[in-house]
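> Need coordinates for the following:
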Amino acid sequence: MYDPMDIPRNEVFIAELIKYAQLHGISMKLLSTQAQMPGECPELLLNRSRDAGWSKRLEGRGVRVINRAAVTEITNDKMLTYRFLHERHGIPMAKTDWYDAETACHLTMPLVAKPADGHGGKDVMWISDEAALRRAAASLPRPFLLQQPMVTGWDVRVYVLGGEIYSAVLRTSDCDFRSNFSLGGAVSVYTPDAEMEEMVRRVCTVLPLDFAGIDFLRHPDGGYVIGEIEDAVGCRMLYHLTDHNPAADYIRYAADTISK
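Residues are numbered from 1 along each chain as shown. Predicted coordinates for the structure are as follows:
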């Protein structure tokens with residue numbers, strides 16, 4: 001299942017998913033979030049839409065959803081992610097709060113402003129002073145978040161499949177505080193260290209990730225924090241850098257899931 005706006009740029013990956021599903025004897029069809037609920041329930045839904053509504057309805061009818069509705073709901077709301085992982089479970093994250101015009105003047109600059117439901121670095125703004133904050137307040141969709149900045153131009157995306165580390169990619173940028181591949185950041189294969197592996201384990205213990213990306217940032221004082229979790233994580237970097245076949249491995253995991 002995809003949002004209609006995301007289908008055109010994911011046509012190749014969608015075709016790969018359907019191809020490998022057929023090789024496992026699975027009949028797979030593309031579903032838009034704007035389609036009608038199917039009369040006959042499928043055995044499995046691969047939700048690549050960031051919309052938890054469908055997942056909740058189908059889970060209520062006994063359908064296995066990848067990723068689960070709870071994962072989609074939490075990870076696609078950055079404030080909810082912060083409250084769940086950091087405030088509830090003590091997993092390190094960059095300090096995050098809602099923008100509030102009455103209290104913003106008391107915050108220590110610099111800050112990073114971003115939409116609560118954003119992804120891919122879109123609409124993320126560097127706030128160096130009060131004038132920049134006013135510009136953000138005038139241009140960003142409401143509500144939006146203010147976040148303590150970490151080491152700029154560096155992050156690691158750890159891909160998780162079935163609750164285990166699948167691969168990892170280092171993203172860096174010399175010209176932008178954001179390091180997203182889609183924004184021109186340089187990318188290379190990365191091997192997570194013991195600290196990063198332990199944080200992945202802690203996340204997967206409280207949040208059952210089927211296939212997702214955990215983005216790690218470096219804290220200026222040392223160590224890592226989690227920036228966000230990408231629910232419908234893209235695979236372009238993996239195809240670009242590695243010998244992995246994400247579509248084949250994703251479908252293999254899905255087939256194993258419904259066979260149990």
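> got a list of what the residue nearest to the spatial centre of the chain touches?
Computing the C-alpha centroid of the chain and ranking residues by Cα atoms, centre = their mean puts E230 first, at 0.5 Å. Neighbouring residues of E230 by Cβ atoms under 8 Å, 6 or more residues apart in numbering: T75, H119, R157, A212, G213, I214, D215. (Glycine included, C-beta is placed from N, CA and C.)
> residue ranges with poor pLDDT in the stretch 1-150 of the chain?
101-106, 120-121 (pLDDT under 70).
> in the stretch 151-260 of the chain, which spans are helices?
Under the criterion DSSP state H, counting those that start in this stretch, the stretch 151-260 of the chain carries helices at the ranges 194-206, 236-241, 246-259.
> What helices and strands are in contact with the last one?
So the one you mean is helix 246-259. Helices and strands in packing contact with helix 246-259 are listed as helix 11-23, strand 44-46, strand 64-66, strand 154-161; criterion 3 or more Cβ pairs under 8 Å, 6 or more residues apart in numbering; DSSP states H and E.
> to the chain's geometric centre, what's the distance from the second one?
Looking back up the chat, that one is strand 44-46. 18 Å (Cα atoms, centre = their mean, to the nearest Å).
> From the contact counts, what lies against it?
Going by 3+ Cβ pairs under 8 Å, 6+ apart, strand 44-46 lies up against helix 52-59, strand 64-66, helix 246-259.
> Strand 154-161 and the last one, what's the angle between them?
Translated: helix 246-259. Orientation check (axes from the mean of the first three to the mean of the last three Cα atoms, to 10 degrees): helix 246-259 against strand 154-161 gives 40 degrees.
> what's the average pLDDT for helix 246-259?
For helix 246-259, the mean pLDDT works out to 94.
> what comes up buried for it?
By 16 or more other Cβ atoms under 10 Å, the buried positions in helix 246-259 come out as P246, A247, D249, Y250, I251, R252, Y253, A254, A255.
> How is this protein divided into domains?
Split into domains by automatic domain parsing, the chain comes to 4-72+250-259, 77-83+151-244, 96-147.
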